[in-house]
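[1] everything below, folded, please.
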Amino acid sequence: MYLRAENYHDWFWIPMLLLLSFIALLFTKYNYQLKRCFLAVLSNREFNDLVRDESQVSKSSSIALIIFSLFSYSTFLFIFSINFLLIERSYLELYLSINVLFFGSFILKLLFIYVLGELFQEGVNSKLYVSHSLLGNKVFGIVVFPLVLIIAYSQNFVGFFLYLSLIIYFLSLTFKWYKGIKFGLSLSEVPIIYPFLYICTLEILPVFVFAKIFLTPLDKIVLY
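    All right, here's what the predicted structure looks like:
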């Protein structure tokens, strides 16, 4: 199986090289913090310790991981789009548009969460939820980036790694939704229905809207 698009390789190596250098720097400078993030996904105690860590190294590594995960996410969506969707625009324009839209939606979502937290006097809990959500993004960004490289430049087993990355993506989404609902239910002062309404409105609904717009009817999905 071959990647459907080939004419983006004349510029795509630039962001790939930058991201590869970025992740190499992360593993070199923040190796311990990376291990803590992976452990915190599975352990509430590790997560609480990570949240309480106010050291400059922890803050710097968190910002660096968020930036990398956002670029990794947007690059994954670009690879997904050129293989599964019929896009009538240049690949460079598509890549830039995805980055702008993805970063913009991420910032708006964070602002909305913080505004709701202040409005309902749940600022502390809102920050904890954001930390839960960002933790999943950080881990997925690191895991999916090698798959993106393989899909973009390998001529063998491209389809396998493409579908594997999609499976990992939806598993990470499901796990993040589960952790978000579990976290909301652990707060005795928050009504039980609120976590479900929040996850459905701000997490699940946008995914289904995207699928409704771009992935139906299914016979229009193309993959060569």
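[2] tell me which element the residue positioned nearest the centre of the chain is part of?
    The structure's the chain has its C-alpha centroid closest to Asn137; by C-alpha atoms, centre = their mean the separation is 4.2 Å. For Asn137, the element it lies in under DSSP states H and E is helix 123-153.
[3] tell me how far that helix is from the chain's mean position?
    Here the centre of mass of C-alpha atoms in helix 123-153, compared against the chain's by C-alpha atoms, centre = their mean, to the nearest Å, lies 4 Å away.
[4] which of the residues in it are buried?
    Within helix 123-153, the residues that count as buried by 16 or more other C-beta atoms under 10 Å are 125-126, 128-129, 131-142, 144-145, 147-152. C-beta: built from backbone N, CA, C; applies to glycine.
[5] on that earlier part again, hmm, the residue nearest to the centre of the chain is touching Tyr73, no?
    Yes. Contact status for Asn137 versus Tyr73: in contact at 6.9 Å, counting by C-beta atoms under 8 Å.
[6] who does the host helix or strand of Arg45 touch, helix- and strand-wise?
    Arg45 belongs to helix 44-52 when assigned by DSSP H and E. The contact analysis (3 or more C-beta pairs under 8 Å, 6 or more residues apart in numbering; DSSP states H and E) places helix 44-52 against helix 31-42, helix 123-153.
[7] near the residue nearest to Gly141 when sequence neighbours are not counted, how many other residues are there?
    Leaving aside its sequence neighbours, Gly141 sits nearest to Ser69 (C-beta to C-beta, 6 or more residues apart in numbering; 2.9 Å). Other residues near Ser69 come to 22 when the count uses other C-beta atoms under 10 Å.
[8] how about the contacts made by Ser69?
    Going by C-beta atoms under 8 Å, 6 or more residues apart in numbering, Ser69 touches 134, 137-138, 140-142.
[9] now for the helix holding Asn137, which elements pack on it?
    Helices and strands in packing contact with helix 123-153 are listed as helix 9-29, helix 31-42, helix 44-52, helix 56-84, helix 91-119, helix 158-185; criterion 3+ C-beta pairs under 8 Å, 6+ apart.
[10] model confidence over it, on average?
    Averaging the model's pLDDT scores along helix 123-153 yields 82.
[11] Val57 - how many residues pack around it?
    Tallying neighbours of Val57 according to other C-beta under 10 Å, which is how burial is gauged here, yields 12.
[12] that one contacts Tyr30, correct?
    Yes. At 7.4 Å, Val57 and Tyr30 qualify as touching, with contact defined as C-beta under 8 Å.
[13] remind me which residues of the protein are low pLDDT?
    Screening the chain residue by residue with the criterion pLDDT under 70, one finds the ranges 1-7, 85-88, 117, 120-123, 180, 183-224.
[14] quick one, what contacts Leu147?
    Neighbouring residues of Leu147 by C-beta under 8 Å, 6+ apart: 161, 164-165, 168.
[15] which one of the residues you listed is nearest Leu92?
    Minimum distance to Leu92 across the contacts of Leu147 is 21.8 Å, recorded for Ser165 (C-beta to C-beta).
[16] quick one, what contacts the closest one?
    Ser165 makes contact with 76, 79, 144, 147-148, 151 under the criterion C-beta under 8 Å, 6+ apart.
[17] for these, give me a markdown table that also has distance to Ser97.
    Rendered in a markdown table, the data for these read as follows (distance: C-beta to C-beta, whole Å):
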| residue | distance to Ser97 |
| --- | --- |
| Phe76 | 15 |
| Ile79 | 14 |
| Val144 | 20 |
| Leu147 | 22 |
| Val148 | 18 |
| Ile151 | 20 |
